[in-house]
Each structure stands twice: as structure tokens, then as C-alpha cells.
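A.B. asks: Could you work out the structure for the sequence below:
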Amino acid sequence: MSIKQRGEIWWCDIARPDGTRLRRSLKTSDKLEAQELHDRLRSEMWREARLGQKPKRSFDEAALRWIQEMEHKRSLDDDRSRIKWIRPHLKGYTLDQINNTVVRDILEKMQPRGKPMSGATRNRYIALVRSIIRKAHREWEWLDAAPAFRLYRETTRRIRWLTPAEAKQLIKELPAHWKVIVQFALATGLRKNNILQLRWSQIDMARRVAWVHPDEAKAGRGIGVPLNQTAVNAIQACMGAHDEFVFTFEGKPMRIDSNSAWRSALLRAGIKDFRFHDLRHTWASWHIQNGTGLAELQEMGGWESAEMVRRYAHLAPDHMHSHASKLDDLLGTNNGTFTAQNEKGLTRKIA
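C.D. replies: Numbering: from 1, shown residues only. As a prediction, this is how the structure comes out:
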């Protein structure tokens, strides 16, 4: 018998045309479904060996295999979320039918939050679909060729940060379980995922330090987090609420996609165009404006490259004053007075 049951799952044992055998799990406990999958695999192998035809693979098949093989990827949750959104639009498409035009047409119609996607967001979807199709071509050998995909032009997003007064107003409008989260974010600069997944085992109150493990950090390197008094106060307010997680709501860990209270507070505080991640920008901006060096900020924030930190440098131009002043002598400026010449060569001072 070419299908066999091991435990509750059915497996297949198929002889290929070249004499080798395919033995693999059919990943189902239903015998009828297992037999149908076995027959399809056998038919596909015959057509490929005798006729040189590669079987048509759907996007669903490719997406499922991608998720199974990319379990090590730190951003796999983001991939799952994007696949969830784009999958209904690619239903019925085989991989060889998916190209740049198809994906762009879909993305230009998609409005996950009731408004058109930005170029940057669309590019994240394109990059994922492109990676899946390239893997299907280069590694899985499901395709003879992979199409080229063109990315959208991305506008350079300005750094959005709050003034201390705006931050206080936002915190005032938040419910209690959100107040401590935002206070902790502004005090440490940690990303939302790292805050909501923070465990008591990652905190040493005696040394006033917390840490993010390498497998939880975006850059793949551990982050040591010095805890100032604001951060310590936020942590102390959460003690006793949960045995494992620091930040919770009604005795349960907070969901990453829980945003309704956050958005309502922004509306009441009169703050527009502001995401939770912008709290990290606010933290970094405040540090730069108060004299923290770029190298120190990079280490504290866990950024992978110095270039990512330099985007905050323009917020603290004070160290450039001595260089800018070098032109004063050339321009004839003395004690705040600029000496100019009129058309007749006569000089006059402009205060």
C-alpha cells in the first residue's frame, strides 16, 4: 500500500520514474484526503519526468511552505500578517501567473485601514511576494524562471516625536494599563514588541537593568537596558499583576495588535500622525537634544548601524556652531555686526 498511517498522520511511499522513492508525511489524518494528495503527487512526478512539465503550484502552497521553512526568521509574524492580507487577492493564481503587474494592481486596490497604502508599505508586500517566488524558483524548483518586481518610490518620512508637554497630555488621556507602558517606552526607547513581551526574568531591580535577548531583538543582538527612575516606577506599578509578564491587562499579557485605547487617547490628546513606534523616536530625540552622543545612543537603542542613528543628528546642531563661526571673519562680522559695501564702495554696518 502506497499510503501508510503513522499515529494519526498518513504518509506516502511513491516510486519515482527514475527508480528513487519519495517518502514523506501527507500532513493529514483523513485517509481520503491523503489518498487524493498521493495520487496528485504521483501524477505530477510522472508529467514532470515524461513530459518535462512542472506541476502548477498555487500561491497558497508556496506561502505555507515559506512559513514552515522560515520559522527561524525574526520577522515571521510580519510575514504571516502580510500573507493573511494578500492571500485572498491571489486566490486562484498559480505561481507562474504572478508578476509585477498582478501584484501592483492588487496593492493599489488594497486598503487595510480604509485608506491607500503608502509606497513603503506596498514595498513590504512586494518584497515578501518576490522572496517567496524566488525561493520557489531557486530552491524548490517549482518555477523555470522568476519575474522581476519593481518597487515603489518611498518618500523620506520625517522623524515624528513629541514635546514633553505633548507626552504628558497623552499619558493623561491613557487608561492605567497603557500609562505605564508609554512611560516605560519613553524612558527606555524599547520597541513595542519587546515591551509587551518583557518578562520578570529579564529584569534585575537591584542593579536597575533589564535586557532583551538576541532572538527577541530586531538586530539579532542582545540589548542591555539601563532603568532610570521613570522606568523603575512603571515596573513597580505592575508588580503582582502576573507571574511571568510585566505589562498585562486584566491578568493577561497584552496583545501586540491591541490599539483601540491608544488611538482613542491620541484623539483626545489632539495628537495626529503618531504611531506607537514614534515613542522610540521621541526617546531618541530627547536624548540627542540633551547631549547624549550618537555612539552611546546606538548602544542604548540596539541599532545595528550608526547610519540608523545619524537620522537624529540634525536635532542637536550645537556642536556645529564653532565651525559655522569660521565664516564670520570672511563676512566681516564683528560682535554681531555685519559690514557691507554699497555700489560706491562705501561701507555700512548692519546690526
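A.B. asks: From here on, just use CA atoms for contacts and neighbour counts.
C.D. replies: Fine.
A.B. asks: In contact with the spatially closest residue to W142 that is not a sequence neighbour: list those residues for me.
C.D. replies: Distances taken as C-alpha to C-alpha, 6 or more residues apart in numbering place A136 nearest to W142, at 5.3 Å, with adjacent residues excluded. When contacts are counted by C-alpha atoms under 8 Å, 6 or more residues apart in numbering, A136 is found next to 62, 142-143.
A.B. asks: Among these, which ones are in helices?
C.D. replies: Within the contacts of A136, residues falling in helices by DSSP state H are A62.
A.B. asks: which stretches of the stretch 201-350 of the chain form helices?
C.D. replies: With DSSP state H, counting those that start in this stretch as the criterion, the stretch 201-350 of the chain has helices at 229-236, 260-269, 278-289, 294-301, 306-310, 321-324, 328-331.
A.B. asks: Can you add mean pLDDT and give those back as JSON lines?
C.D. replies: Formatted as JSON lines, those follow (pLDDT from 0 to 100):
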{"stretch": "helix 229-236", "mean pLDDT": "96"}
{"stretch": "helix 260-269", "mean pLDDT": "95"}
{"stretch": "helix 278-289", "mean pLDDT": "92"}
{"stretch": "helix 294-301", "mean pLDDT": "90"}
{"stretch": "helix 306-310", "mean pLDDT": "83"}
{"stretch": "helix 321-324", "mean pLDDT": "67"}
{"stretch": "helix 328-331", "mean pLDDT": "74"}
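A.B. asks: possible to save the ones you listed as CSV with distance to R221 and mean neighbour count?
C.D. replies: Formatted as CSV, the helices of the stretch 201-350 of the chain follow (distance: least, C-alpha to C-alpha, whole Å; neighbours: other C-alpha atoms under 10 Å):
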stretch, distance to R221, mean neighbour count
helix 229-236, 22, 16
helix 260-269, 29, 15
helix 278-289, 18, 21
helix 294-301, 11, 16
helix 306-310, 15, 13
helix 321-324, 36, 9
helix 328-331, 46, 11
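A.B. asks: Make TSV out of those and add distance to K84.
C.D. replies: Below are these laid out as TSV (distance: least, C-alpha to C-alpha, whole Å):
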stretch	distance to K84
helix 229-236	35
helix 260-269	21
helix 278-289	26
helix 294-301	31
helix 306-310	30
helix 321-324	52
helix 328-331	60
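A.B. asks: before we move on, back to that, my reading is that the residue nearest to W142 lies in a helix. Confirm?
C.D. replies: Yes: counting by DSSP: H, G, I helix; E, B strand; the rest coil, A136 is located in a helix.
A.B. asks: Helices along the stretch 1-150 of the chain, start to end?
C.D. replies: Using DSSP H, counting those that start in this stretch, the helices of the stretch 1-150 of the chain run over 31-51, 59-69, 76-86, 100-109, 119-138.
A.B. asks: Pick the most buried one from the ones you listed.
C.D. replies: Between the helices of the stretch 1-150 of the chain, helix 119-138 has the highest mean count of neighbours, a mean of 18, where neighbours are mean count of other C-alpha atoms under 10 Å.
A.B. asks: relative to helix 31-51, how tilted is the lengthiest strand in the chain?
C.D. replies: When the chain is parsed with DSSP state E, its longest strand is strand 9-15. Per axes from the mean of the first three to the mean of the last three C-alpha atoms, to 10 degrees, the angle that strand 9-15 makes with helix 31-51 is 20 degrees.
A.B. asks: Output strand 9-15 in PDB with nothing but the alpha carbons.
C.D. replies: This file holds the C-alpha atoms of strand 9-15, laid out as PDB (Å, rounded to 0.1, in the frame of the first residue of the first chain):
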ATOM      1  CA  ILE A   9      -1.000  11.100  10.300                       C
ATOM      2  CA  TRP A  10      -0.800   9.500   6.800                       C
ATOM      3  CA  TRP A  11       2.400   9.100   4.900                       C
ATOM      4  CA  CYS A  12       3.200   8.200   1.300                       C
ATOM      5  CA  ASP A  13       5.700   6.000  -0.300                       C
ATOM      6  CA  ILE A  14       5.900   6.600  -4.100                       C
ATOM      7  CA  ALA A  15       8.300   5.200  -6.700                       C
END
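A.B. asks: List the neighbouring strands of it plus their orientation.
C.D. replies: Note on strand 9-15: by DSSP bridges, its sheet partners are strand 3-6 (antiparallel), strand 21-25 (antiparallel).
A.B. asks: between these, which gets nearest to A148?
C.D. replies: Smallest distance to A148 across those (C-alpha to C-alpha): 32.7 Å, for strand 21-25.
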